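**Student:** Model the structure of this input:
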Amino acid sequence: KEDGTLKVRVVLDLRRSKYNSFVKCSERIVLPRLRDLVEDAVDLLDDGEHVLHIFIADFEDAFHSLGFKEDEFRYLFAKHSEGGFVNYRTVLCGGAACPLVWGRGAAFLGRSGQALFTESELRLQIYVDDPAALISGSPEHAKHKALILLLWWLCLGMRISWKKGLFKQLATWIGASIDVGHS
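**Tutor:** The predicted structure follows:
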């Protein structure tokens, strides 16, 4: 990792094992674009009286935070390289349907989080596991709204990567620098 620590993950090649060939997805997830966040900022700044803040968070090990029902466990076996088998009970990275499963969870987190506020207070976009909220108001009020959103997600059982979170007027989200400070 960037800080020099080692993070170990077991990776299954679900395409090579032919697991993905048995999966059929009849729908897809549509991710927000950077333009969506920019349009939200323009809408919030429209009257010229609002001060905007960007709140960025990250759902820690997002795919692994979603479990499957017990009767689905039998479909998530893999042969272990040192013998025997491993049974997974969470959504896996690399599974053909897993982005769809996580996307449904992320959609719920986004929609329910947005429902806590009016559209003039906060606008929320979630790109896979990276939420970005534009929050209108004084720094104190905006921080209060960000805390309410965080508490909601924590109450739902989500783990937040605290070191990746930020609350500023200049931030990077999905690879782009966003500056909502204005004079």
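**Student:** And for Pro139, the neighbour number?
**Tutor:** Counted with other CB atoms under 10 Å, residues neighbouring Pro139 total 12. C-beta coordinates here come from the backbone N, C-alpha and C atoms, glycine included.
**Student:** Look at it and report its pLDDT.
**Tutor:** pLDDT for Pro139: 92.
**Student:** How about the one 3 residues further on?
**Tutor:** The per-residue pLDDT reported for Ala142 equals 94.
**Student:** Please apply the same query to the one 3 residues further on.
**Tutor:** Looking at Lys145, its pLDDT is 97.
**Student:** How many residues are close by the spatially closest residue to it that is not a sequence neighbour?
**Tutor:** Take Lys145 and drop its neighbours on the chain: the residue closest to it by CB to CB, 6 or more residues apart in numbering is Ile135, 5.1 Å away. For Ile135, the number of neighbouring residues by other CB under 10 Å comes to 26.
**Student:** when you give positions from now on, start the count at 368
**Tutor:** Got it, first residue is 368 now, which makes that one Ile502.
**Student:** Surely Ile502 and Phe422 touch.
**Tutor:** Yes: here Ile502 reaches Phe422: they are 5.8 Å apart, a contact under CB atoms under 8 Å.
**Student:** Need the residues touching each of the two.
**Tutor:** Contact criterion CB atoms under 8 Å, 6 or more residues apart in numbering; residues shared by Ile502 and Phe422: Ala509, Ala513.
**Student:** What residues are bridge-paired with the residue nearest to Lys512?
**Tutor:** Legend: beta-bridge partners of Ile502 under DSSP bridges are His420, Leu489.
**Student:** Let me see the contact set for it.
**Tutor:** Leu419, His420, Ile421, Phe422, Glu488, Leu489, Ala509, Lys512, Ala513.
**Student:** Would you map the strands across the chain?
**Tutor:** 419-423, 444-446, 452-454, 489-494, 497-503, 533-535, 537-540, 543-546 (DSSP state E).
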